[in-house]
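Undergrad: Here is a sequence together with a model predicted from it:
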Amino acid sequence: MLFLLREAPGNAVEGPLFDCQRSLRELARLGSAFTARRYLSLAPLPFPRISLSLLDDATVSSSVAMNVLKCARLFFVAAALLAAAPRPVLAQTDEIQVYDASIAAPGKFNLTWHNNFTPDGLKTPAFPGAIIADKSFNGVTEWAYGVTDWFEAGLYLPLYSFSKNHGATINGGKLRLLFTAPHAADRTFFYAVNFEFSYNATYWDNSRFTSEIRPIFGVHLHPVDIIVNPILDNSYRGGFKSLDFAPAARIAYNFSPKFAFAVEEYSDVGPLRAFFPTDQESHEVWGVFDRATKLADIEAGVGFGVTAASDKITLKLMFSRDLN
């Protein structure tokens, strides 16, 4: 909360902006400089001015005490409002996918086109000026190259949105490094780890630079696949305990090598130091199908939010194919 210290109308002195704690020290310093019938006003912005009369030097200390009480009162009111306020909603995402540790073959270029639309989403921005999820369309083209049988490099560009508060926007880009157990699709138990490094537009994320650490674990039980991605999002603020835990999981039934149906779950439970209360966590349950065709592999699904901090309905559609 900011305060502006002013002398009464007709005087030219006008003090700087300062916070409540500093105001108390400043009032004590300035109080003795005011003499009989001069006025001081403490105006909490943007609230109406509060004028305090300093009758003479002898009454300065009592007037300062009044300022202290008023400032303390305002402080506790603000603290109560902040305590009662809900947590900010969670930021948008361009990619809704559980990784299964598969990568492009060495020497192969692959393109995956991610698209998602939120017909009924959160109507409050995650931070001032952020893209509003409700009625937004988000997507990105993901370019990948198989370097070895255990390493794939990727580039997400362009990352784009169409939203009701920003219109068409370019939101940034990402670099990706995925390290996996070779031939993960042929293993019963498989594992991998994916690292992403993002540059974000100011309306996409409130941190210009972020990254993702995505461990990948799963089992192929034929015909059932079970996969977990215990994701940690990094804003480079506050150290290890400030990493945000956003796990994802998938259980799929493969009707054939070319068709599968899956249930997926995506969550964001907050920083490691202190998870959000349950009703302020994001949890979405998805129904998804995968279909392999001659032109492209297709993944599509619909997700339903199960908490107040989640988008109510989100749709996704992905196309993937090798380019050489």
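TA: All right, it came through fine.
Undergrad: Extract the CA atoms of stretch 208-217 and return them as CSV.
TA: Output of stretch 208-217 as CSV, limited to C-alpha atoms (Å, rounded to 0.1, in the frame of the first residue of the first chain):
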residue,chain,number,x,y,z
ARG,A,208,10.7,-14.2,-19.0
PHE,A,209,12.8,-17.3,-18.7
THR,A,210,11.5,-20.7,-17.4
SER,A,211,12.3,-24.3,-17.7
GLU,A,212,10.8,-27.8,-17.2
ILE,A,213,12.3,-30.9,-15.8
ARG,A,214,10.2,-33.9,-16.8
PRO,A,215,11.2,-37.4,-15.6
ILE,A,216,9.4,-40.1,-17.5
PHE,A,217,8.6,-43.6,-16.2
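Undergrad: what's the distance between the closest residue to G107 other than its chain neighbours and W286?
TA: Nearest residue to G107 in three dimensions, chain neighbours excluded: G146, at 6.3 Å (C-beta to C-beta, 6 or more residues apart in numbering). For every residue, glycine as well, the C-beta is placed using N, CA and C. Counting by C-beta to C-beta, to the nearest Å, the separation of G146 from W286 is 28 Å.
Undergrad: for T169, same thing?
TA: 25 Å.
Undergrad: try T180
TA: T180 is 23 Å from W286, by C-beta to C-beta.
Undergrad: neighbour count winner among those two?
TA: Between T180 and W286, counted using other C-beta atoms under 10 Å, the more crowded position is T180 (24 against 20).
Undergrad: residues contacting the more buried one?
TA: Contacts for T180 (C-beta atoms under 8 Å, 6 or more residues apart in numbering) come out as 101-103, 150-152, 190-193, 216.
Undergrad: Okay, and which of those residues map to strands?
TA: 151-152, 190-193, 216 (DSSP state E).
Undergrad: if we can go back for a sec, would you reformat the contacts of T180 as JSON lines and include distance to E299?
TA: Output for the contacts of T180, formatted as JSON lines (distance: C-beta to C-beta, whole Å):
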{"residue": "A101", "distance to E299": "16"}
{"residue": "S102", "distance to E299": "13"}
{"residue": "I103", "distance to E299": "16"}
{"residue": "W150", "distance to E299": "24"}
{"residue": "F151", "distance to E299": "23"}
{"residue": "E152", "distance to E299": "18"}
{"residue": "F190", "distance to E299": "19"}
{"residue": "Y191", "distance to E299": "22"}
{"residue": "A192", "distance to E299": "18"}
{"residue": "V193", "distance to E299": "22"}
{"residue": "I216", "distance to E299": "17"}
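Undergrad: Pick the one among those closest to S161.
TA: Nearest to S161 among the contacts of T180 is E152, at 26.0 Å by C-beta to C-beta.
Undergrad: Tell me the bridge partners for the closest one.
TA: G146, L178 (DSSP bridges).
Undergrad: Break down the stretch 51-200 of the chain into its helices, ranges please.
TA: Remark: helices assigned in the stretch 51-200 of the chain by DSSP state H, counting those that start in this stretch are 60-84.
Undergrad: top of the contacts of T180 by neighbour count?
TA: In terms of neighbours by other C-beta under 10 Å, the contacts of T180 top out with I103 at 29 neighbours.
Undergrad: excluding its backbone neighbours, what's nearest that one?
TA: Spatially, and ignoring its direct neighbours in sequence, I103 is nearest to E152 (3.7 Å; C-beta to C-beta, 6+ apart).
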